[in-house]
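In: Fold the following for me, if possible:
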Amino acid sequence: MSIWAMIILGIIIMNTIGAIITVFKEKRDVAATWAWLLTLILLPVAGFIIYLFVGKKISKDNIYDLKTQKSLGMSQLAEAQIEMLEEEERIPGMVETDYVKNTAILFLESDESILTKGNKIDIIKDGVTKFNSFINDIYKAQNHIHLLYYTFRSDELGKRVLEALENRAAAGVEVLIIYDALGCRGNDPRFFRKLEKLGGKTQVFFGSKLPFVNLRTNNRNHRKILVVDGEIAYLGGFNIGNEYLGQGKLGYWRDTHMRIEGNAVLTLQSRFFMDWNAAAKKADRKDYADRYFPISDKKGNTSMQIVSSGPDDENQTIKMGFIKMISQAKESIYIQTPYFIPDESLHEMIKIAALSGISVKIMIPSKPDHPFVYRATEYFAKDIIEYGVEVYMYQNGFLHSKVVVIDNEVASVGTANMDVRSFKLNFEINAFIYDRQVAQELIDNFEEDQKKCIRATHDYFAKQSRGRKFKQTVSRLLSPIL
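Out: You can find the predicted model right below:
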């Protein structure tokens, strides 16, 4: 054996040993373990660079710090509501089925997600409409504005939002902003300087001490929350940036957001404070003062729970909620998601529903914003249609809406995509809504969008090139880490 062959063999052996040690030193599920092992072995050196950015799990110290940020009184409220539901006491305004009751108990047990009633929800599906209302509500703030966004760009739309925030900060309104370091990469570093001089405060979520480099690609705060005076809140899929007005390379941006009035706003307020206190230094942490939690009179007829999940919680509560909803569906399932990369448990549940005669319709984009992720989405879409699921591909721009509706009774709208990243790697937040009227409105929106779709059939995928099919297969193998 030549000296070069011996060197290459030595590198292969050392790389393999290093891959095994690296992957197995942190607890992961089997699929993620094999995906990372495959990446590290087949991509010597490059695989370890990829792992450095996207493979490292959140540290135990960070998990402990995040878990300690609990809102006062939530445990007691959750226990009282569980007892009420188990004793079958009626909750006015809530869809009255055992299926809904059991879903509500699941979230109370797993996430202390308080069930609120008498809320008013406005569904928003267009970026221009959303941000006109959003900015208008900011200008009306009298006491406080709390904003948490994965992406808050320093572009034209970002400046419009920032100008409104600066206006209120100058008037003495408390303005607190959390933004994600990765979601806001490329921003002007001076973007928030004037706001901070006016008294506003900002916190970056999982920022980096290294200039221009952030080694934590995973575990991002993907939530999007605005709370105004503890009375109005926004939650959904739109980030802050020009592309969400349809001014990006993907064209028109079809998303779903909600404007909320009622006591559900207080649970979003609580979530904001948990994230603020997890990101802030001790001196900047906030107390749960009464002025942040004004009890509201009845605003509408919607009962709902705000549910959070993230890498600080092994429960994957949002995914469990989807599985619970789908497992008890009797007639129909509607899903809109930009990324359809379910784990095995959710994938099997959707298959079972379709094979049981339930109408299952899934809508995905027709164009990629992340090539590997989209190829994995195509793979799972191609697989699921074999079981009778109807898959539609949105043609009028980019579909970013994250909606699930079951049996015209229960719906979910929020930030979580139907993928492993949202379930395990990112911090997400969804509203689970128990209101037939809201559910029907979301179905109506789906059916209107369906007119702008092509249906993905077996023939559609069969005609694709071998190269594209190969990319789909490779992306599927990497899906646990995408």
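In: From now on I want contacts and neighbour counts done on CA atoms only, so please keep to that.
Out: Fine.
In: So for stretch 321-330, what gets flagged as buried?
Out: Under the neighbour-count criterion of 16 or more other C-alpha atoms under 10 Å, stretch 321-330 has G321, F322, I323, K324, M325, I326, A329 buried.
In: Mind checking what secondary structure the third one has?
Out: Looking back up the chat, that one is I323. Judged by DSSP: H, G, I helix; E, B strand; the rest coil, the three-state class of I323 is helix.
In: does the nearest residue to it once chain neighbours are set aside sit in a helix or strand, and which one?
Out: Closest residue in space to I323, ignoring its immediate chain neighbours: L346 at 6.1 Å, by C-alpha to C-alpha, 6 or more residues apart in numbering. Taking DSSP states H and E as the criterion, L346 maps to helix 344-355.
In: Identify each buried residue in that helix, please.
Out: So, applying 16+ other C-alpha under 10 Å, buried residues of helix 344-355: L346, H347, M349, I350, K351, A353, A354.
In: Residue ranges in the stretch 151-300 of the chain under the pLDDT threshold?
Out: Applying pLDDT under 70 to the stretch 151-300 of the chain flags residues 207-217.
In: Can you show me the helices along it?
Out: Ranges of helices in the stretch 151-300 of the chain, per DSSP state H, counting those that start in this stretch, are 156-170, 193-197, 264-279.
In: Could you name the helices and strands sitting against the second one?
Out: It refers to helix 193-197. Applying 3 or more C-alpha pairs under 8 Å, 6 or more residues apart in numbering; DSSP states H and E, one finds that helix 193-197 contacts helix 156-170.
In: sorry, back to before: export the buried residues of stretch 321-330 to a markdown table and tack on pLDDT and distance to T267?
Out: Shown next, in a markdown table, are the buried residues of stretch 321-330 (pLDDT from 0 to 100; distance: C-alpha to C-alpha, whole Å):
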| residue | pLDDT | distance to T267 |
| --- | --- | --- |
| G321 | 95 | 18 |
| F322 | 96 | 20 |
| I323 | 96 | 23 |
| K324 | 94 | 22 |
| M325 | 94 | 22 |
| I326 | 95 | 25 |
| A329 | 94 | 27 |
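In: Make JSON lines out of the residues you listed and add distance to S412.
Out: Below are the buried residues of stretch 321-330 laid out as JSON lines (distance: C-alpha to C-alpha, whole Å):
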{"residue": "G321", "distance to S412": "9"}
{"residue": "F322", "distance to S412": "8"}
{"residue": "I323", "distance to S412": "12"}
{"residue": "K324", "distance to S412": "12"}
{"residue": "M325", "distance to S412": "10"}
{"residue": "I326", "distance to S412": "12"}
{"residue": "A329", "distance to S412": "14"}
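In: nearest to N218, of the helices of the stretch 151-300 of the chain?
Out: helix 264-279 (16.0 Å; C-alpha to C-alpha).
In: Can you give me the separation between G246 and G237?
Out: Using C-alpha to C-alpha, to the nearest Å, one gets 14 Å for the distance from G246 to G237.
In: okay, these two: which has more neighbours?
Out: A count of neighbours by other C-alpha atoms under 10 Å puts G237 above the other of G246 and G237, at 26 against 18.
In: who's in contact with the closest residue to the more buried one other than its chain neighbours?
Out: Among residues not flanking G237 along the chain, T415 sits closest, at 5.2 Å (C-alpha to C-alpha, 6+ apart). Applying C-alpha atoms under 8 Å, 6 or more residues apart in numbering, we find T415 in contact with H222, R223, K224, L235, G236, G237, K402, E428, I429, N430.
In: Report the contact partners of the nearest residue to G248 once chain neighbours are set aside.
Out: Using C-alpha to C-alpha, 6+ apart and skipping residues adjacent in sequence, the residue nearest G248 is N242, 6.7 Å away. Residues in contact with N242 (C-alpha under 8 Å, 6+ apart) are D155, E156, L157, G158, G248.
In: With respect to burial, which of the helices of the stretch 151-300 of the chain scores highest?
Out: Stretch with highest mean neighbour count among the helices of the stretch 151-300 of the chain: helix 264-279 (a mean of 23; mean count of other C-alpha atoms under 10 Å).
In: Spell out the secondary structure type for E428.
Out: strand.
In: For burial, what's the neighbour tally of it?
Out: Other residues close to E428 by other C-alpha under 10 Å number 25.
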